[in-house]
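*Asks:* Here's my sequence, what's the structure:
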Amino acid sequence: MFLKIIANFEIIIVISETPLKLADHFNIPGVFSTNAIQSVPSSAPATVATSVVRASLHDFLEVVFQNNEESMQSWHLDGYDFWDVGFGSGQWTPEQRPLYNLVDALTRHTTQVYPNSWTAILVSLDNQGMWNMRSAIWERQYLGQQFYLKVWDPVQSLANEYNPPDNLLLCGKAVGRRV
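*Replies:* A predicted model of the protein is given here:
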């Protein structure tokens with residue numbers, strides 16, 4: 001499966017008092033939303049949510065960062081490296097996909113998006129867990145330019161992800177639950 005995200009950030013993230021991985025592990029409702037970020041952006045005003053993008057282990061994810069501002073942007077993905085496969089000026093369109101460098105693209109953890117431009121990355125989702133993609137510019141990250149990526153496999157296996165330790169500190173809505 002191939003997932004696509006166009007990140008022009010109509011969603012401003014709110015950091016939850018309950019760590020997202022704990023909320024996910026204990027199936028605590030109301031902590032985060034998995035349908036806040038859509039594959040195709042709309043022209044609606046920005047909304048506030050704790051947004052998590054769901055993806056399956058071993059999928060590929062395409063993320064297109066659209067920068068409509070006059071300043072440089074920089075983006076970082078925890079837990080993964082990715083391929084910078086394309087960039088260009090103006091608005092990104094699907095017609096630019098055939099121009100992606102799929103032969104010898106560089107792997108990176110952080111990418112830049114030039115003013116009034118776009119950058120496309122491809123990520124091979126081979127690391128199960130909950131991962132943060134965020135602006136590498138602290139002020140933008142603080143103001144909510146980030147989202148989380150939940151990479152999961154319905155088959156529970158220690159080869160993919162360890163169980164939480166018995167002495168795990170619980171906080172937020174996870175207090176009182178048992179590991």
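*Asks:* From now on I want contacts and neighbour counts done on CA atoms only, so please keep to that.
*Replies:* Fine.
*Asks:* can you list the weak-confidence ranges in this structure?
*Replies:* For the chain, residues meeting the criterion pLDDT under 70 lie at 1-10, 38-42.
*Asks:* can you pull out the strands in it?
*Replies:* Counting by DSSP state E, one finds strands in the chain at the ranges 2-7, 11-13, 47-49, 52-56, 60-67, 73-77, 82-89, 107-108, 110-113, 117-124, 129-135, 146-152.
*Asks:* With distance to residue 95 added, can I get these in CSV?
*Replies:* As requested, the strands of the chain are exported to CSV (distance: least, Cα to Cα, whole Å):
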stretch, distance to residue 95
strand 2-7, 14
strand 11-13, 25
strand 47-49, 29
strand 52-56, 24
strand 60-67, 13
strand 73-77, 23
strand 82-89, 12
strand 107-108, 23
strand 110-113, 19
strand 117-124, 13
strand 129-135, 25
strand 146-152, 26
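*Asks:* Compare these and report which one is nearest to residue 20.
*Replies:* strand 129-135 (7.6 Å; Cα to Cα).
*Asks:* Using PDB, write out every CA atom in the closest one.
*Replies:* Extracted C-alpha coordinates of strand 129-135, given in PDB (Å, rounded to 0.1, in the frame of the first residue of the first chain):
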ATOM      1  CA  GLY A 129       5.800   2.500  16.700                       C
ATOM      2  CA  MET A 130       4.600   6.100  17.100                       C
ATOM      3  CA  TRP A 131       6.900   8.600  15.400                       C
ATOM      4  CA  ASN A 132       7.000  12.400  15.300                       C
ATOM      5  CA  MET A 133       7.300  14.400  12.100                       C
ATOM      6  CA  ARG A 134       7.900  18.000  13.000                       C
ATOM      7  CA  SER A 135       9.200  21.300  11.900                       C
END
